[in-house]
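Visitor: Predicted model follows, preceded by the sequence.
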Amino acid sequence: MSDSFDVVVIGGGPAGYPAAIRAAQNKLSVACIDEWKNRDGTAAFGGTCLNAGCIPSKALLESTELYHRAKEEFAAHGIKAPDVTVDVAQMQKRKGSIVKTMTQGILALFKAAGVTPLQGHGKLLSGHRVEFVGHDGTRRELTAKNIILASGSAPIELRSAPFQAPYIVDSWGALDFDSVPKRLGVIGAGVIGLELGSVWRRLGSEAVVLEALPDFLAIADQQLAKEALRGFKKQGLDVRLGAKVTGATVANGAVDVTYTDGKGEQKLTVDRLVVAIGRRPYTKDLLGPGTGVELDERGFIKVDHECRTGAEGVWAVGDCVRGPMLAHKGKEEGVMVADLIADRFAEVNYKTVPSVIYTAPEIAWVGLTEEQVKVGGKPYKVGVFPFLASGRARAMEQAQGFAKVIASKDDDEILGVHVIGPMAGELIAEAVLAMEYSASSEDLQRTIHAHPTLAEAIHEAALAADKRAIDSINR
Ligand code: FAD
Ligand code: NAD
């Protein structure tokens, strides 16, 4: 096998593997190195997202949401299901088989595209060289005109609550519980805390979420955040804001947590504690001496807007560089770099990266929040449409939440779209497309939306921005 390639990608997660495939589509010779190993020792492409992130969490969210709906909503439909029970082992088995199918699918995609998969550790050396050490210990030196670093991220550990499996765990640990913890503690009311807190709460855990900040979901539009917090509280998720964890110790098969809040020192005992306070870039043993690749003060690989590092022919994409830690952001960066290497036009529009939180109801947005628009000082208008007024949402028994469109008063440009409600993560795609093509709210207003669909909520919210909504009262 040749050790010389046009492109070598280090990292086979959602940033790295699409970069490898696109580079191969561009008729370049490509190798993709990935060191991921699952708990059973098997190697798998797909990185955090497919093995321990997006995919397994969505599998469990789907299963637990079905259980919750069977218990809480079927009766309203006239369906009697008094004996609905949960088989956690089967739920986990289903999750595992989805992950396996998806990760093995990457090898099939590589084969079809002509990408050489290499499973083991990759290290960038100077002079367009990469050291590869396979999982079987074999060592090779590869050369490549272009090298793409896509080494991803790892969970941040909290000094006051260090990981101690199976009691104090990160998100991967929380995805793998084999039974429902009676008392669950979660540190961090971010995306992971809310998604995984929801999973185990729906299955019956008494779930307490400790969030250090005084505001809930500070990154989201606050009208949405307020609605979301109301919903989570109703579901029994006990979110405690302004809570700073000072310690966590394992004793007698449980975790004693201490934290301070506005009222002073507090204590909490839980059976399992999940620490979900964010992730940090992962670059362990990635860079050899003299490569010219620099890290910033937070450990991210320094890149420009086109993901070029300071070293000629070396690029970096995904969670290991600045920007939101999202699979689709990494994918777009990987594909952009593979196209730029092949001298094709490519760019990533960071203004239209959507965010989705896959709770029930789902929360999704693109563009600016109302708070950010206010700070910008631009005159703006807002249209809100409640799902209570949507026939489809009512038919689904899912009429919580709303769609919100924020547009510029001067030229009607859409500045942000925010949705909390059923299938919000799917609905936001229309708003992303609209913003990508610089649509105005009038463009959305003039676009025909099928009836009855959830998407009509975005149509009506755009109309409401000009007080022309038909199916809700204009205020
Ligand atoms: P990673 O997926 O971390 O992949 C990096 C890969 O590189 C890994 O396989 C790693 O082993 C390998 N690697 C690292 N260093 C080396 C080396 N030196 N040599 C060889 N291989 C190496 N994002 C979403 O957009 N939607 C979601 O729904 C979502 N859900 C999530 C749920 C959870 C619980 C978690 C933890 C994350 C979730 N994310 C989600 C975030 C998403 O997983 C990340 O943004 C995404 O995986 C980043 O992709 P990446 O390719 O940059 O890094
Ligand atoms: P996050 O940044 O979303 O949330 C972390 C939360 O923890 C924040 O609210 C923060 O204020 C809080 N926090 C920080 N330190 C704390 C402390 N000491 N005590 C209490 N609270 C503290 O991070 P995450 O939830 O760990 O997720 C990590 C990354 O994975 C995120 O960047 C996210 O984008 C990504 N992810 C995305 C999805 C999705 O797209 N649906 C799902 C899961 C994860």
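Guide: Perfect, I can see it now. Bear in mind the structure is a predicted one, so any value in this text is a computation, not a measurement. Ligands and ions are numbered 1, 2, ... in the order given.
Visitor: Residue numbers of the stretch 151-300 of the chain in contact with ligand 1?
Guide: Residues of the stretch 151-300 of the chain found near ligand 1 (C-beta under 6 Å from any ligand atom) are 151-153, 171, 192, 282, 286. Every residue, glycine included, has its C-beta placed from N, CA and C.
Visitor: What about those, which one has the most neighbours?
Guide: residue 151 (30 neighbours; other C-beta atoms under 10 Å).
Visitor: Do I have it right that residue 461 meets residue 381?
Guide: No. In this structure residue 461 lies outside contact range of residue 381 using C-beta atoms under 8 Å: 11.2 Å.
Visitor: can you pull the contacts of the residue nearest the centre of the chain?
Guide: When C-alpha atoms, centre = their mean is applied to the chain, the residue found nearest the centroid is residue 326 (4.8 Å). By C-beta atoms under 8 Å, 6 or more residues apart in numbering, the residues touching residue 326 are 353, 355.
Visitor: again, but for residue 391
Guide: Taking C-beta under 8 Å, 6+ apart, one finds 451-452 in contact with residue 391.
Visitor: Residue ranges in the chain under the pLDDT threshold?
Guide: Within the chain, the stretches with pLDDT under 70 are 1.
Visitor: let's see 80
Guide: The chain contains residues with pLDDT under 80 at 1-2.
Visitor: Report the separation between residue 130 and ligand 2.
Guide: 27 Å (C-beta to the nearest ligand atom, to the nearest Å).
Visitor: Bridge partners for that residue, pull those for me.
Guide: Per DSSP bridges, the residues bridged to residue 130 are residue 124, residue 142.
Visitor: For it, give its distance to residue 101.
Guide: For residue 130, the distance to residue 101 equals 30 Å [C-beta to C-beta, to the nearest Å].
Visitor: neighbour-wise, which of the two wins?
Guide: Neighbours per residue (other C-beta under 10 Å) separate residue 130 from residue 101, with residue 130 holding more: 24 against 11.
Visitor: quick revisit: who's more crowded, residue 461 and residue 381?
Guide: The residue with more neighbours, out of residue 461 and residue 381, is residue 461; 28 against 16, by other C-beta under 10 Å.
Visitor: For the stretch 51-200 of the chain, which segments count as strands?
Guide: 115-125, 129-134, 139-149, 153-155, 168-169, 183-187 (DSSP state E, counting those that start in this stretch).
Visitor: Please identify the most buried of those.
Guide: Stretch with highest mean neighbour count among the strands of the stretch 51-200 of the chain: strand 183-187 (a mean of 26; mean count of other C-beta atoms under 10 Å).
Visitor: Which strands and helices lie in contact with it?
Guide: For strand 183-187, the packing partners by 3 or more C-beta pairs under 8 Å, 6 or more residues apart in numbering; DSSP states H and E come out as helix 191-202, strand 206-210, strand 254-261, strand 264-270, strand 272-275.
Visitor: Can you tell me which residues in the stretch 101-250 of the chain are near ligand 2?
Guide: Listed as neighbours of ligand 2 in the stretch 101-250 of the chain under the rule C-beta under 6 Å from any ligand atom: 158, 187-193, 195, 210-213, 245.
Visitor: Which pair in the residues you listed has the greatest spatial separation?
Guide: Pairwise distances across these (C-beta to C-beta) peak at 19.9 Å, for the pair 195 and 245.
Visitor: longest helix in the protein, by residue count?
Guide: Identified as the longest helix of the chain according to DSSP state H is helix 88-113.
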